[in-house]
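> Here is the input, now give the coordinates:
(chains A and B)
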Amino acid sequence: MIEEQEMVGIEKRDLVEKVASLRSSGYRLVQICSTTMADRYEMNYSFDKDLKFKNLRFTVLPGEAVPSIGLIYGNAFLYENEIHDLFGITIEHMTTDFHGTLYKTRIPAPFAVQGPEFPVPVPPVPGPQEGGAGTDADAGAEGHHG
Amino acid sequence: MLTLVRRDIMAKKNIIPFGPQHPVLPEPIHFDLVTEDETVVDAIPVIGYVHRGLEKLVEKKDFNEYTYVAERICGICGFMHGFGYCQTVEEVMAVDVPERAVYLRTIWAELSRINSHLLWLGVAADAMGFESLFMHSFRLRESVLDIIEATAGGRMVFGCVKIGGVRRDIEGSVLRGIVVKLHELEPQIREITKVFLEDYSTRHRMEGVGVISKEDAYYMGMVGPMIRASGIPSDIRQIGYAAYKHVQFEPVIAQTGDCYGRCVVRVGEIFESINIVRQLVEKTPEGPIEVKVKGTPNGEFFGRIEQPRGEVIYYVKGNGTKFLERFRVRVPTFANLPGMIRALKGSQIADVPVIILSIDPCISCTER
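Have a look, this model is predicted:
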């Protein structure tokens, strides 16, 4: 074991209170991340103090909002916007809200529980059948770009 | 009356776009700099121009194959990413990596740190308009790249690390040769770093610029040279992962919290890394370099390592199949961005390039 890590399961409603308590105890926020599960998301809030790692954890259902901890930790807004953009989870009262523009992903919320909605592929346009001034390679290229 | 009018004019705010393409930015990141006259009063970062979705890719790549992807998260500290990923997966799978492999990984990691810091010194010199200093930094960095190439086969992507150990061994004579080479390089590096730390013009560009207080650095979650430059000796190597538990070293810190302090820390870390490599080479045991890994990862772990830019967190969650359920990387630049915004507030517009460079931004990592 490289290091002991404390994993603490909490209720979502206790998040802000627990985080405020950690801040007053001298912990710093080192990361927030989410994991897609079968029908919900697992939220992980990780803290460090004197090289001791502590993680708060709870789950949320799709469509369920999570309170922001941005007023407690000034660096939380970046993690919260990331989770919003990649997972589609609503974070309430973020201190800086990018409104879904932090990541410019082609597919919105690629980590969402229901799975990413891939764009419908456009069927290739057939090139000229034969003849004309161009070669076969030219025809293929035209078809690709068309 | 005149004073009031002047104040009204000065209070007018402008937004100056900085990036995503800018001479000091090797990679795309954008800032909306809110300014009052020449003073920056706020900065809003915009990332995501080249987001690659590598964390999502883990769902379709065998966990062994993903090592290759992890090594390509970044061009400068690619080895560190592969190393951190493998170490975290090994922790989940309870793999006992042979000691020799652990030492070789740590040596390559410290060579990566020297490479990265020399690169930063060059880029910083370039940003300050000190072209000859940039050239000298890159000349010395080339010697470090030669060592890496001779031992790993690659200059940027090492391809040496695997789950269960390393792919390549380094012979004892080559290991001793590394120490000799670094011994020759040390005075040359000292000569150029003296310019960074003592020259009037470099000090003028860095001293008192982009100051971050000790409290801000800590509670804004800053990492690496950024937090250490503000007087906090936070260094994940102290938890004793890999072979760091077998060597003596102290985190390099500065007290000023400004760009100069960050330069002092990086310069100090180059020599500390050389010192660590010397100790590692002396203690590297004989033995196998890899162990056969059986099974698939089932469980989770937050792996932490200290990269040149600071602490990285790898979250690995396996479900017993060959595809990981979740792989998340929290890179140092991402952690340092909020603190950098704090550093930009109150700075002069002419100092913005140096402040941004002082965090050693790696957008490739950030856009993993």
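> Is any residue of stretch A:107-123 near chain B?
Yes - with CB under 8 Å from any CB of the partner chain as the criterion, chain B is reached by stretch A:107-123 at A:110-111. Quick note: C-beta positions are derived from backbone N, CA and C, even for glycine.
> For that stretch, buried residues please.
Of all the residues in stretch A:107-123, those buried under the rule 16 or more other CB atoms under 10 Å in any protein chain shown are A:109-113, A:116.
> List the buried residues of the helix or strand hosting B:R278.
B:R278 is part of helix B:259-283 when elements are defined by DSSP states H and E. For helix B:259-283, burial by neighbour count (16+ other CB under 10 Å) applies to B:259-281.
> Grab the nearest non-local neighbour of the residue in the stretch 101-250 of chain B that chain A sits nearest to.
Proximity of the stretch 101-250 of chain B to chain A (CB to the nearest CB) peaks at B:G221, 4.1 Å away. Spatial nearest neighbour of B:G221, excluding adjacent residues (CB to CB, 6 or more residues apart in numbering or on different chains): A:N75 at 4.1 Å.
> so who does that neighbour touch?
A:29, B:219-221, B:335, B:338-339 (CB atoms under 8 Å, 6 or more residues apart in numbering or on different chains).
> Most neighbours of all the residues you listed, which one?
Ranked by neighbour count (other CB atoms under 10 Å in any protein chain shown), those have B:A335 at the top, with 30 neighbours.
> Correct me if wrong: that residue contacts B:M222.
Yes - using CB atoms under 8 Å, B:A335 is in contact with B:M222, at 6.6 Å.
> Give me the common contacts of the two.
Shared contacts of B:A335 and B:M222, defined by CB under 8 Å, 6+ apart, comprise B:G310.
> And what about B:I313, helix, strand or coil?
At B:I313 the chain is in strand, as set by DSSP: H, G, I helix; E, B strand; the rest coil.
> Look up the pLDDT of the closest residue in space to it that isn't next to it in sequence for me, please.
Excluding the flanking residues, the one nearest B:I313 by CB to CB, 6+ apart is B:R330, at 4.1 Å. Predicted confidence (pLDDT) for B:R330: 91.
> How about the one 10 residues further on?
pLDDT, B:M340: 86.
> same question, B:I355
Note on B:I355: pLDDT of 89.
> Next, the residues that contact the helix or strand that it is a member of from outside, please.
Element membership for B:I355 (DSSP H and E) is helix B:352-358. Residues outside helix B:352-358 that contact it (CB under 8 Å, 6+ apart) are B:18, B:22-25, B:31, B:33, B:40, B:120, B:123-124, B:127-128, B:205-206, B:209-210, B:226, B:259, B:262-263, B:340, B:343-344, B:347.
> ok, 6 Å please
Applying CB atoms under 6 Å, 6 or more residues apart in numbering or on different chains, the external contacts of helix B:352-358 come out as B:24, B:124, B:127, B:205, B:210, B:259, B:262, B:343-344, B:347.
> what do you get for stretch B:50-66?
A:103, A:110, B:69, B:163, B:297, B:322-324, B:327-328, B:367-368.
> again with stretch B:310-322
The contact list for stretch B:310-322, computed with CB under 6 Å, 6+ apart, reads A:31, A:33, B:62-63, B:84-85, B:88-89, B:92, B:223-224, B:236, B:296-298, B:300-305, B:324-332.
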